[in-house]
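# need the 3D shape of this:
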Amino acid sequence: MNTKKEIVLNFIEALNKNDFHQAKEYLNENFVFKSRSRKRAGVDTFIEEMQSTPHTYIVRDIYSNSKYVCVIYDIQSPHQENITTCGLYRVRKKKIDSLTVVFDTRPITVTQRKIIMD
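Numbers count the residues shown, from 1 in each chain. Reported below is the predicted structural model:
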């Protein structure tokens, strides 16, 4: 029996392996992604975006309660500094319904400026 933590960790592992077909299996078809700057509705939209921007997720810690799984991780990207992120996953019926992320956007802004200036 998969716990909510195991479901989320398996999802992250699939993303790290660029196994987007497997990652999609962990998401509810009405999956919603939210961050400070955007909201994406629908599993296909989210997976397409993940395919176009590969990252590596290094889990630092994970917590859960009856409703949510909270993951603290570093996101590594080829063109950016590591970004420490908090991901709040809502898991129901063994599928991830939503993911809300919170992170400091300054490293992204600095990297974008460097790319534009090069």
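# tell me the gap between the one helix or strand residue 98 maps to and the middle of its chain.
Residue 98 belongs to strand 95-103 when assigned by DSSP states H and E. The chain centre lies 7 Å from the centre of strand 95-103; the measure is CA atoms, centre = their mean, to the nearest Å.
# in it, which residues are buried?
Within strand 95-103, the residues scored as buried using 16 or more other CB atoms under 10 Å are 95-96, 98-101, 103. C-beta here means a position set from N, CA and C on the backbone, and glycine is covered the same way.
# low-scoring stretches of the protein, by residue?
Within the chain, the segments meeting pLDDT under 70 span 1, 79-80, 105-118.
# do that again at 50, thanks
Scanning the chain for pLDDT under 50 picks out 111-118.
# in this structure, where's the longest strand?
strand 80-92 (DSSP state E).
# any idea of the angle that strand forms with strand 95-103?
Interaxial angle, strand 80-92 versus strand 95-103 (axes from the mean of the first three to the mean of the last three CA atoms, to 10 degrees): 140 degrees.
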